[in-house]
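Engineer: next come a sequence and a model predicted from it.
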Amino acid sequence: QSGEVAANPEQYDESYLCPVQVGQTTLNLDFDTGSADLWVFSTLTPKSESTGHSLYNPSTGTKKSGYTWDISYGDGSGASGTVYADKVVVGGVTATSQAVEAATSVSSQFEQDTDNDGLLGLAFSSINTVEPQAQKTFFDSVKGSLAKPLFTADLKKGAAGTYDFGYIDSSKYTGSISYVNVNTANGFWEFTASGYAVGSGSVSGSVGDAIADTGTTLMYLPTTVVQAYYNKVDSADYDSNQGGYTYDCSENLPNFLISLGGKTFTVSGTDINFAPVDSSGETCFGGIQENTGIGMSILGDIFLKSVFVVFDQTQSTPRLGFAAQ
Ligand SMILES: CC1CCN(C(=N)N)CC1
Ligand SMILES: CC1CCN(C(=N)N)CC1
């Protein structure tokens, strides 16, 4: 089988939500290549926490007795609950007995984001949080039945993009796809990014260890790289109150060039201009920030909306393919 699903941006492209049939209900889920749990708001979630969300009704599923899950994310948000086996359909691709993690508790960030009815993890199943036995991601569940064991991400700035499962649509990118091998030891689509440049010119240095992460909004890079970037932005400075680099919204940002698999990709300055810090619209928060404390760099949505990415398990070693879009 194969299929395509829309990836609809929230305001400022904070995250992208995709319609997924879970049991007999369609929910809008955040496809996250940085985690491996498929969890959903449900009729088991306290009403005080689920107002405004679409809810999975586990009555159509088979309860996995004694199974629980509990996940927390880098931004301090999280959720927990119980586990059912049920039908999940993404763009016409069907997992007949997918582990669906029904939330019995969600944090305030999720409670408040009524666009988001849960997450569909697309990292490696080794980091699934279900106890006493880790469960397969949706991709792992359907991988063997896909025309090709791969999926692609084509996210866009302020417009609907797509995730495709089982095939590469050559109309979605230009030029050739350049591939890098993935190290799955930490359960992420993790690889080594090469040189970089600010503005234009030839790349040099090394960004290093990084993950391709659709569930993270911004790009988080080594301090040396981030300082080199904002040195080229006259009004930029590090604002500890905002927790990162800010600048005058009126200033045009330079492009950021990064070399992956021998090919240089350009993230346009307009894509790096993330959002105003408040309603005055004077000061803006940059889309490139420091990776301090994370342990690797994260190429999140700010990067991904410039490229077409293949998450490829056609070989014995998983690999990532990057092309310009
Ligand atoms: C390394 C971290 C990256 C952000 N995360 C995520 N997309 N779920 C959590 C893991
Ligand atoms: C990777 C996840 C981080 C937490 N999320 C959130 N607060 N909306 C969702 C994505």
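Structural biologist: All right, it came through fine. Residues are numbered from 1 along each chain as shown. Ligands and ions are numbered 1, 2, ... in the order given.
Engineer: what's near enough to touch the residue nearest the centre of the chain?
Structural biologist: A centroid search over the chain (Cα atoms, centre = their mean) returns Thr214, at 1.6 Å, as the residue closest to the centre. Applying Cβ atoms under 8 Å, 6 or more residues apart in numbering to Thr214 gives the contacts 16, 31-34, 122, 153, 155, 300-301, 304. (Each C-beta comes from the backbone N, C-alpha and C, glycine too.)
Engineer: tell me who's in contact with the spatially closest residue to it that is not a sequence neighbour.
Structural biologist: Nearest non-adjacent residue to Thr214, counting by Cβ to Cβ, 6 or more residues apart in numbering: Thr33, 4.6 Å away. Shown in contact with Thr33 (Cβ under 8 Å, 6+ apart): 122-123, 153, 188-189, 211-215, 311.
Engineer: rerun at 10 Å
Structural biologist: 120-124, 137, 139, 151, 153, 163, 188-189, 211-216, 300, 304, 309, 311, 320 (Cβ atoms under 10 Å, 6 or more residues apart in numbering).
Engineer: could you export stretch 263-281 as PDB, CA atoms only?
Structural biologist: In PDB, the C-alpha atoms belonging to stretch 263-281 read as follows (Å, rounded to 0.1, in the frame of the first residue of the first chain):
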ATOM      1  CA  LYS A 263      25.100  18.800  -1.200                       C
ATOM      2  CA  THR A 264      24.600  22.400   0.200                       C
ATOM      3  CA  PHE A 265      21.100  23.400   1.200                       C
ATOM      4  CA  THR A 266      19.900  27.000   1.700                       C
ATOM      5  CA  VAL A 267      17.500  28.000   4.500                       C
ATOM      6  CA  SER A 268      16.200  31.400   3.500                       C
ATOM      7  CA  GLY A 269      16.400  34.300   6.000                       C
ATOM      8  CA  THR A 270      12.700  34.700   5.600                       C
ATOM      9  CA  ASP A 271      12.100  31.200   6.800                       C
ATOM     10  CA  ILE A 272      14.500  31.800   9.800                       C
ATOM     11  CA  ASN A 273      12.300  34.800  10.900                       C
ATOM     12  CA  PHE A 274      10.100  32.800  13.300                       C
ATOM     13  CA  ALA A 275       7.600  35.100  15.100                       C
ATOM     14  CA  PRO A 276       7.200  38.200  17.200                       C
ATOM     15  CA  VAL A 277       7.800  37.800  20.900                       C
ATOM     16  CA  ASP A 278       4.600  39.800  21.800                       C
ATOM     17  CA  SER A 279       1.700  41.600  20.100                       C
ATOM     18  CA  SER A 280       3.600  44.800  19.500                       C
ATOM     19  CA  GLY A 281       5.400  43.000  16.700                       C
END
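Engineer: which pLDDT value goes with the nearest residue to Phe256 once chain neighbours are set aside?
Structural biologist: Nearest residue to Phe256 in three dimensions, chain neighbours excluded: Val267, at 4.5 Å (Cβ to Cβ, 6+ apart). Here the pLDDT value assigned to Val267 is 98.
Engineer: quick check: residues of the stretch 101-250 of the chain near ligand 2?
Structural biologist: 109, 113, 116, 215-216 (Cβ under 6 Å from any ligand atom).
Engineer: redo that, cut-off 5 Å
Structural biologist: 109, 215 (Cβ under 5 Å from any ligand atom).
Engineer: show me which residues of the stretch 101-250 of the chain sit near ligand 1.
Structural biologist: So far as Cβ under 5 Å from any ligand atom goes, the stretch 101-250 of the chain lies against ligand 1 at 213, 215-216.
Engineer: tell me the contacts of the closest residue to ligand 1 within the stretch 51-200 of the chain?
Structural biologist: Nearest residue of the stretch 51-200 of the chain to ligand 1, counting by Cβ to the nearest ligand atom: Gly74, 4.8 Å away. The contact partners of Gly74, by Cβ under 10 Å, 6+ apart, come to 34-35, 213, 215-216, 220, 293-294, 298.
Engineer: kindly report the same for Ala228.
Structural biologist: Ala228 sits in contact with 196-198, 205, 221-222, 256, where contact means Cβ under 10 Å, 6+ apart.
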